[in-house]
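Asker: here is my input; please provide its structure:
(one chain, ligands or ions: 1)
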Amino acid sequence: MSAHPWWQTTVIYQIYPRSFMDSTGNGVGDLPGITSRMDYLADTLGVGAIWISPFYPSPMADFGYDVSNYTDVHPMFGNINDFDALVDAAHRRGLKAIIDWVPNHSSDEHPWFVESRSSRDNPKRDWYVWRDPKPDGSLPNNWLSFFGGPSWEFDDTTGQYYLHSFLAKQPDLNWRNPEVQEAMFEGLQFWLDRDVDGFRIDVAHVVMKDPELRDNPRVPEDWKSKFKSHGEYDTFLHIHDKGHEDNHQLFRDFRALLDSYQPVRYSVGEIHIPDWEEWASYYGEDLDELHMPYNFSMIHAPWSADEIASRVNAMESVLPAGAWPNQVLGNHDEKRLVSRIGADAARVAAMLLLTLRGTPTIYYGDEIAMTEADIAPEDQQDPWGRNLPGAGRDGCRTPMQWDASPSAGFSPGTTWLPVTADYANRNVEAQLSEPGSNLNLYRALLAYRKTSPALQTGTYEQIEAPDGLYAFARESEQGRVLIALNFTEDAVAMPDVVNGKVALSTHRDIDGGDVPTTLRGSEGLIIELP
Ligand code: GLC
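Answerer: Numbers count the residues shown, from 1 in each chain. A predicted model of the protein is given here:
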């Protein structure tokens with residue numbers, strides 16, 4: 001269709017491997033399980049790429065984001081042959097396979113850290129960040145862990161503290177040591193040589209910190225986090241414990257490694273930075289860093305036409321020339337979309353996600369409108385939720401709902417998190433046979449996007465519209481479409497459209513028909529213009 005590389009025209013689907021499909025009956029999803037659902041992904045749903053969250057060997061303190069071996073598969077998920085079979089099955093269907101890369105920290109059970117903590121003069125000592133207590137015995141500085149408490153853990157054996165931006169079981173690697181970069185890049189090559197198509201980089205902006213480890217200042221009185229609440233962590237401005245400018249050199253090196261491979265490999269960074277300019281800097285001055293920093297701005301936006309439009313426009317306005325945007329409405333760290341904005345609005349959100357300019361990422365289960373599960377405090381698995389009541393992420397990580405059989409067809413065993421209560425009605429099989437279902441809406445949107453150069457690669461322009469409506473045009477040489485999204489529950493007049501035809505309505509009852517004069521409550525339309 002175009003000179004655009006695959007990662008610009010594709011749609012990514014995020015799989016949380018513990019929760020997608022269990023092939024062994026141990027109640028935890030695995031790689032052969034994912035492979036067994038490849039037809040669903042490629043044909044039934046019709047996405048173009050999958051991103052699989054970590055499946056590496058790990059003590060699972062943070063469910064795989066604590067890696068104890070960067071170049072293997074946790075036996076719970078299968079083995080390296082299962083991984084190769086998965087990539088092969090994806091590629092045979094034209095799907096790209098993206099995996100998670102966790103550079104900021106390893107597990108404390110990684111052999112590198114085991115060595116590092118064994119003595120002060122161990123050759124791997126400097127692979128992690130060790131510091132003496134202050135003369136009065138207190139912590140080296142005031143940095144706090146994302147997951148609660150100080151980001152320093154005292155180690156009795158050697159009498160020093162080590163840095164951990166997340167759990168104490170996730171010690172931060174010292175990327176200022178060239179040996180660390182070399183070893184970590186070897187890990188990347190291992191997967192690149194196995195034909196993975198790209199990486200999602202965990203907390204990419206956290207990797208490089210202030211080399212002097214200076215204290216973070218307190219936030220000004222009127223400061224308000226743009227992301228979800230982290231308790232005491234939010235009382236500091238995190239100017240020294242992440243986001244250091246040396247990240248840019250690291251990602252230039254990383255990109256050079258990716259670019260040495262053919263066919264084209266791709267990278268998307270998990271970057272939570274409220275300042276748009278700084279966020280955009282991760283594309284690189286010459287577009288030589290990450291292909292994209294994830295754009296999380298819509299996840300925490302109040303659900304209103306003005307708010308969403310202003311965030312889209314803000315993002316568009318800071319993109320460096322030639323940089324490619326991306327959109328995301330949910331992931332394994334965030335409350336489920338439907339439970340944030342409601343079921344009707346979530347259909348409008350699906351249209352928004354799949355019609356805006358840029359590469360969309362769908363979180364598994366959002367296509368069947370899976371809801372946030374209410375997990376009793378005593379059943380909480382997520383360490384963050386156990387440290388900070390209310391912060392737990394289990395609710396968005398429950399097993400995928402395939403059908404109405406026990407455990408939703410996810411597993412013949414006892415599932416690691418409970419299946420959500422409504423699975424008997426809300427599942428893939430049931431929704432496939434309901435023409436108006438959420439799943440069939442996603443399928444229609446994905447199928448339409450595939451045939452529409454305007455949606456895949458066209459320009460974006462906001463169109464003036466009555467209050468409550470967000471309308472924008474997408475245009476390419478091959479055609480022009482108008483997207484009109486009603487963010488309210490009431491009917492709203494359509495902007496003036498000449499001679500259009502409805503390609504797709506979120507209500508699914510006027511597809512192919514004339515353009516109505518009003519949009520119904522929570523209705524979205526894709527209109528083909530002559
Ligand atoms: C990222 C991941 C999250 C994990 C954290 C620490 O934010 O998305 O799930 O807990 O990094 O690795």
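Asker: every contact and neighbour count from this point should use C-alpha atoms.
Answerer: Will do.
Asker: so the residue of the chain found nearest the ligand is in which element?
Answerer: Proximity of the chain to the ligand (C-alpha to the nearest ligand atom) peaks at residue 65, 4.5 Å away. Following DSSP states H and E, there is no helix or strand that holds residue 65.
Asker: ok, residue 309 next?
Answerer: For residue 309, the host element (DSSP H and E) is helix 305-318.
Asker: buried residues in that helix?
Answerer: By 16 or more other C-alpha atoms under 10 Å, the buried positions in helix 305-318 come out as 305, 308, 309, 311, 312, 315, 316.
Asker: near the ligand, anything from the helix or strand that it is followed by?
Answerer: Scanning forward in sequence from helix 305-318 by DSSP H and E, the next helix or strand is strand 326-328. No - judged by C-alpha under 6 Å from any ligand atom, strand 326-328 stays clear of the ligand, getting no closer than 13.3 Å.
Asker: how is the chain partitioned into domains?
Answerer: According to automatic domain parsing, the chain comprises the domains 6-104+178-209+243-445, 111-163, 458-529.
Asker: got the confidence number for the residue sitting nearest the centre point of the chain?
Answerer: Central residue of the chain (C-alpha atoms, centre = their mean): residue 331, 4.9 Å from the mean position. Looking at residue 331, its pLDDT stands at 98.
Asker: got the contact list for it?
Answerer: For residue 331, the contact set (C-alpha atoms under 8 Å, 6 or more residues apart in numbering) comprises 14, 363, 396.
Asker: make a markdown table from these and add neighbour count to it.
Answerer: Shown next, in a markdown table, are these (neighbours: other C-alpha atoms under 10 Å):
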| residue | neighbour count |
| --- | --- |
| 14 | 21 |
| 363 | 22 |
| 396 | 28 |
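Asker: and which of these is nearest to residue 55?
Answerer: The closest of those to residue 55 turns out to be residue 14 (C-alpha to C-alpha; 13.2 Å).
Asker: what about that closest one, distance to residue 362?
Answerer: For residue 14, the distance to residue 362 equals 6 Å [C-alpha to C-alpha, to the nearest Å].
Asker: could you point out which element follows the helix or strand bottoming out on mean pLDDT in the chain?
Answerer: Ranked by mean pLDDT, DSSP states H and E, the helix or strand of the chain with the weakest confidence is helix 383-387, at a mean of 85. Counting by DSSP H and E, the next helix or strand C-terminal to helix 383-387 is helix 428-432.
Asker: average model confidence for that following helix?
Answerer: Mean predicted confidence for helix 428-432 is 98.
Asker: now do stretch 452-471
Answerer: 97.
Asker: so how far is it off the chain centroid?
Answerer: Per C-alpha atoms, centre = their mean, to the nearest Å, the displacement of stretch 452-471 from the mean C-alpha position of its chain is 24 Å.
Asker: please apply the same query to stretch 58-77.
Answerer: Relative to the chain's own centre, stretch 58-77 is displaced by 18 Å; criterion: C-alpha atoms, centre = their mean.
Asker: pLDDT at the residue nearest to residue 428 when sequence neighbours are not counted, what is it?
Answerer: Among residues not flanking residue 428 along the chain, residue 402 sits closest, at 4.8 Å (C-alpha to C-alpha, 6 or more residues apart in numbering). With respect to pLDDT, residue 402 scores 98.
Asker: surely residue 402 and residue 410 touch.
Answerer: Yes - here residue 402 reaches residue 410: they are 6.4 Å apart, a contact under C-alpha atoms under 8 Å.
Asker: spit out the contact partners of residue 24.
Answerer: Shown in contact with residue 24 (C-alpha under 8 Å, 6+ apart): residue 411.
Asker: circling back: redo the contacts of residue 331 as a markdown table? Include distance to residue 465 and pLDDT.
Answerer: Shown next, in a markdown table, are the contacts of residue 331 (distance: C-alpha to C-alpha, whole Å; pLDDT from 0 to 100):
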| residue | distance to residue 465 | pLDDT |
| --- | --- | --- |
| 14 | 33 | 99 |
| 363 | 30 | 98 |
| 396 | 34 | 98 |
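Asker: what is the nearest of these to residue 123?
Answerer: Of all the contacts of residue 331, residue 123 sits closest to residue 14, with 38.0 Å by C-alpha to C-alpha.
Asker: for the closest one, helix, strand, or coil?
Answerer: Counting by DSSP: H, G, I helix; E, B strand; the rest coil, the backbone at residue 14 sits in strand.
Asker: check residue 169 too.
Answerer: Going by three-state DSSP: residue 169 is coil.
Asker: tell me how far it lies from residue 157.
Answerer: Distance from residue 169 to residue 157, by C-alpha to C-alpha: 16 Å.
Asker: pretty sure residue 502 is in a strand, no?
Answerer: Yes - using three-state DSSP, the assignment for residue 502 is a strand.
Asker: verify the stated contact: it with residue 528.
Answerer: Yes - at 6.3 Å, residue 502 counts as touching residue 528 under the criterion of C-alpha under 8 Å.
Asker: the nearest residue to residue 407 once chain neighbours are set aside: what's it in contact with?
Answerer: Nearest non-adjacent residue to residue 407, counting by C-alpha to C-alpha, 6+ apart: residue 419, 6.2 Å away. Residues counted as contacts of residue 419 (C-alpha under 8 Å, 6+ apart) are 398, 399, 400, 401, 407, 408.
Asker: list the residues that contact the third one.
Answerer: Think residue 400. 19, 20, 21, 364, 365, 408, 410, 419.
Asker: excluding covalently adjacent residues, which one is nearest to the first one?
Answerer: The shortest distance from residue 19 to any residue that is not its chain neighbour, by C-alpha to C-alpha, 6+ apart, is 4.3 Å, and that residue is residue 399.
Asker: tally of neighbours for that neighbour?
Answerer: 31 (other C-alpha atoms under 10 Å).
Asker: per-residue pLDDT, it?
Answerer: pLDDT for residue 399: 98.
Asker: hang on, the earlier thing: run a quick neighbour tally on the residue nearest to residue 428.
Answerer: Residues near residue 402, counting by other C-alpha under 10 Å, number 23.
Asker: ok, residue 407 next?
Answerer: Residues within reach of residue 407, counting by other C-alpha under 10 Å, total 22.
Asker: now it: how far from residue 20?
Answerer: The gap separating residue 407 from residue 20 is 12 Å, by C-alpha to C-alpha.
Asker: and what of residue 112?
Answerer: Distance, residue 112 to residue 20, by C-alpha to C-alpha: 31 Å.
Asker: got the residues of the stretch 151-300 of the chain near the ligand?
Answerer: Proximity of the stretch 151-300 of the chain to the ligand, by C-alpha under 6 Å from any ligand atom, involves residues 166, 202, 203.
Asker: check the chain too.
Answerer: Applying C-alpha under 6 Å from any ligand atom, we find that the chain lies next to the ligand at 62, 65, 166, 202, 203, 333.
Asker: got those residues as CSV, with secondary structure and neighbour count columns?
Answerer: Converted to CSV, those look like this (DSSP: H, G, I helix; E, B strand; the rest coil; neighbours: other C-alpha atoms under 10 Å):
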residue, secondary structure, neighbour count
62, coil, 18
65, coil, 26
166, coil, 24
202, coil, 21
203, coil, 18
333, coil, 13
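Asker: now, which of those sits nearest residue 386?
Answerer: Of all those, residue 386 sits closest to residue 62, with 11.6 Å by C-alpha to C-alpha.
Asker: that closest one contacts residue 383, doesn't it?
Answerer: Yes - counting by C-alpha under 8 Å, residue 383 is a contact partner of residue 62 at 6.7 Å.
Asker: who are the contact partners of residue 19?
Answerer: Under the criterion of C-alpha under 8 Å, 6+ apart, the contact list for residue 19 reads 28, 29, 397, 398, 399, 400, 410.
Asker: repeat that for residue 457.
Answerer: By C-alpha under 8 Å, 6+ apart, the contact set of residue 457 is 4, 8, 9, 357, 358, 476.
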